[in-house]
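Peer 1: Take this sequence and fold it.
(one chain, ligands or ions: 1)
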Amino acid sequence: SVDVSSLTRQTGHTALDYGFVNTAATKSAITFIDGDAGILRYRGYPIEQLAKNSTYLEVAWLLIYGELPTSSQLEEFDNNIRRHTLLHEDLKRFFSALPHTAHPMSVLSSAVSALSTYYENQSDPHNPEHVELNTIRMLAKLPVIAAYAHKKSKGQAFLYPDNSLSFVDNFLKLNFGVLSEPYEVNPVMSRALERLLILHEDHEQNASTSTVRLVGSTGANQFSSISAGISALYGPLHGGANEAVLDMLRQIRESGESVQRFVERVKSKEDGVKLMGFGHRVYKNYDPRARLVKESADEVLTELGVSDPLLDLAKELEEIALHDDYFVERRLYPNVDFYTGVIYKAMGFPTRMFTVLFAIGRLPGWLAQWREAVSDPQTKIGRPQQLYIGAPRRDYPGAV
Ligand code: ACO
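Peer 2: Now for the predicted structure:
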């Protein structure tokens, strides 16, 4: 008995669609997904080919500008990013105002928001020079902020970026290097991280990207929009799932509960336990990224000489779930977050950094989608309808 007459203002139709399961909010030329067939393509290129043959920055260019860069375009892009890695010294002091227990994702979103205050006169979303400059700034500085959030949590000194290194190697050094000691990048780790970052670069209109576009639709600049995207990514149903998966695996192992028993608890839904890293709004077959990450997990752990019982536990969980009616009927398969944590852990990242790594991966997608939205003349301020179900008109006591 909801009166929808006032909700037919513009189109004559109002659909109640929790979670936007059936509603497209935009057209986009960036990423194609076929969830039933397990297909993911960036600008037409299959994710498998890009993960194997490309680099993070090359894919970033592809997403942002629509085509693969020429070698000179890529070189200029890379050099430009290397030249913008430094943070203002005052911004570095911002980290000391936060407790060392702060979650690195909160630090990341706050610091990106704070970053915008240094560029307020150069942040017009409709000025192409500002947009280019801030695209470069975000790509250059987000990894540095992320590494400082990591160092902060350990109480270690921040390193200056080493711009003689590639994007990924510089990031590894900022995280694992120690002041005044030489740091040698492990090429296995470097290539594995590059591959994981590529797999995360875009994923069409997911919750964080939709947030970036929605905030951008109000005329907010790149920094504000991306800071909001980072906050959306933090949740355990989205990017935060990679951290939640590792916590879940650890808990199962430490409690001594059998994997079968844990799966039964998930199925009973009694205590709200989910199989984290399983299920996806769009993929109803297998997430193609998860397949690639699973392949990498064995390879990387072997090459790094790490053996982790949590990887075996994850495989056991997957095996049980893939043959269980509950998961089969609901078409629940591992998503990208299921195996990434095991690799990040083998590299030496603390669990609380996992979603930060996702954010660095996703940044090029957020930038590309923000730019697409802002330059599309059909973009309107995002403003969903509601169906009002509250009290009818009534009088405040004593008003009449
Ligand atoms: N464990 C157990 N049951 C699940 C799971 C899971 N991981 N995921 C979905 N289900 C069940 C639901 O309870 C529901 O059951 P019902 O039909 O009996 O009510 C059914 O499967 C359909 O699930 P929905 O919640 O309606 O699916 P939705 O598309 O809204 O949610 C989501 C997708 C959020 C990813 C969900 O599968 C989930 O919570 N997964 C765990 C968290 C996770 O791994 N998130 C990362 C997603 S990928 C990413 O963001 C990078």
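Peer 1: how near is residue 243 to the ligand?
Peer 2: 11 Å (CB to the nearest ligand atom, to the nearest Å). Every C-beta, even on glycine, is put in place using the N, C-alpha and C of the backbone.
Peer 1: Quickly find the element holding that residue.
Peer 2: In the assignment (DSSP states H and E), residue 243 maps to helix 241-255.
Peer 1: and the very next helix or strand once past that helix, what does it pack onto?
Peer 2: Counting by DSSP H and E, the next helix or strand C-terminal to helix 241-255 is helix 259-268. Contacts defined by 3 or more CB pairs under 8 Å, 6 or more residues apart in numbering; DSSP states H and E place helix 259-268 against helix 309-322.
Peer 1: List the buried residues of the helix it packs on.
Peer 2: 310-311, 313-315, 317-318, 320-321 (16 or more other CB atoms under 10 Å).
Peer 1: residues in contact with the helix holding residue 243?
Peer 2: 236, 259, 262, 275-277, 309-310, 313-314, 317, 335, 337-338, 340-342, 344-345, 351-352, 354-355, 357-358 (CB atoms under 8 Å, 6 or more residues apart in numbering).
Peer 1: what is the rounded mean pLDDT of it?
Peer 2: Averaged across helix 241-255, pLDDT comes to 96.
Peer 1: Buried ones in that helix, by neighbour count?
Peer 2: Buried-residue list, helix 241-255, by 16+ other CB under 10 Å: 241-246, 248-249, 252.
Peer 1: still on that earlier bit, what subset of the contacts of helix 241-255 is buried?
Peer 2: Buried among the contacts of helix 241-255 (16+ other CB under 10 Å): 236, 259, 262, 275-277, 310, 313-314, 317, 335, 337-338, 340-342, 344-345, 351-352, 354-355, 357-358.
Peer 1: which among those residues are in contact with the ligand?
Peer 2: For the ligand, the contacts drawn from the buried ones among the contacts of helix 241-255 by CB under 6 Å from any ligand atom are 275-277, 335, 337.
Peer 1: what residue ranges in the protein score low on pLDDT?
Peer 2: 1-12 (pLDDT under 70).
Peer 1: near the ligand, which residues of it?
Peer 2: 19, 206, 237-239, 241, 266, 274-281, 330, 332, 335-337.
Peer 1: send the alpha carbons of stretch 258-271 over as PDB?
Peer 2: The C-alpha coordinates for stretch 258-271 follow below in PDB (Å, rounded to 0.1, in the frame of the first residue of the first chain):
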ATOM      1  CA  SER A 258      37.100 -29.600  11.000                       C
ATOM      2  CA  VAL A 259      36.600 -28.000   7.600                       C
ATOM      3  CA  GLN A 260      33.500 -30.000   7.100                       C
ATOM      4  CA  ARG A 261      32.000 -28.800  10.400                       C
ATOM      5  CA  PHE A 262      32.800 -25.200   9.400                       C
ATOM      6  CA  VAL A 263      31.000 -25.600   6.100                       C
ATOM      7  CA  GLU A 264      28.000 -27.100   7.900                       C
ATOM      8  CA  ARG A 265      27.900 -24.000  10.100                       C
ATOM      9  CA  VAL A 266      28.000 -21.700   7.100                       C
ATOM     10  CA  LYS A 267      25.200 -23.600   5.500                       C
ATOM     11  CA  SER A 268      23.000 -23.500   8.600                       C
ATOM     12  CA  LYS A 269      23.300 -19.700   8.600                       C
ATOM     13  CA  GLU A 270      22.700 -19.800  12.300                       C
ATOM     14  CA  ASP A 271      25.500 -17.600  13.500                       C
END
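Peer 1: Run through who's touching it.
Peer 2: Identification of contacts with stretch 258-271 by CB under 8 Å, 6+ apart yields 252, 273-275, 313, 316-317, 320-321, 324, 326.
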